[in-house]
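Q: Here you go, sequence then predicted model.
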Amino acid sequence: MPTKANDAKPAKEEERSPLFATARKVLLASVGAVALAQDEMEEFVNRLVERGEIAERDGKNLVREMVERRKKGTQKAGDKVTQHVEEILDRMNVPTKADIEALSEKIAALSKKVDELRKTQG
């Protein structure tokens with residue numbers, strides 16, 4: 001039996017909750033959609049450059065700016081998802097990793113004190 005939360009082996013995918021599996025599928029689909037949208041945007045800008053409607057330098061700047069916006073948007077969305085998941089887990093009274101680690105530290109400290117008391121009494 002593992003003594004620390006970190007020692008536990010990760011659960012196999014089929015053992016995970018349906019909520020986790022669904023969230024994973026949604027996130028993977030989102031990543032795919034974002035990648036597809038970026039490819040389409042780059043192709044569109046390349047066509048504008050080929051037609052001479054915008055300069056190549058402006059096209060590169062536009063692509064770079066859109067990639068930066070996408071990264072910021074992805075980070076913001078990820079932060080919101082994390083926040084919502086934490087709120088749901090809190091409502092369900094599911095302990096966080098930090099809660100478990102804090103309890104483990106307290107147990108270790110108490111075990112050490114019990115061992116010291118046994119030594120002094122024995």
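A: Cool, the structure landed.

Q: CA only for contacts and neighbour counts going forward, please
A: OK.

Q: how does this protein divide into domains?
A: Domains of the chain are assigned by automatic domain parsing as 16-91, 95-122.

Q: quick one: which of the ones you listed has the weakest pLDDT on average?
A: Among those, domain 16-91 has the lowest mean pLDDT, at a mean of 83.

Q: what does stretch 112-122 contact?
A: By CA atoms under 8 Å, 6 or more residues apart in numbering, no surrounding residue is in contact with stretch 112-122.

Q: Now that stretch: buried residues?
A: Neighbour counts over stretch 112-122 (16 or more other CA atoms under 10 Å) mark no residue as buried.

Q: Count the neighbours of Asp39 for me.
A: Per other CA atoms under 10 Å, the neighbour tally for Asp39 reads 11.

Q: Name the SS class of it, please.
A: Following DSSP: H, G, I helix; E, B strand; the rest coil, Asp39 is assigned to helix.

Q: contacting residues for it?
A: By CA under 8 Å, 6+ apart, no residues touch Asp39.

Q: if we can go back for a sec, of the domains of the chain, flag the one that's most buried.
A: Ranked by mean neighbour count, the domains of the chain are led by domain 16-91 with a mean of 13 (mean count of other CA atoms under 10 Å).

Q: which secondary structure element contains Ala23?
A: Element membership of Ala23, judged by DSSP states H and E, is helix 18-51.

Q: Beyond that helix, next helix or strand please.
A: Downstream of helix 18-51, the first helix or strand assigned by DSSP H and E is helix 56-91.
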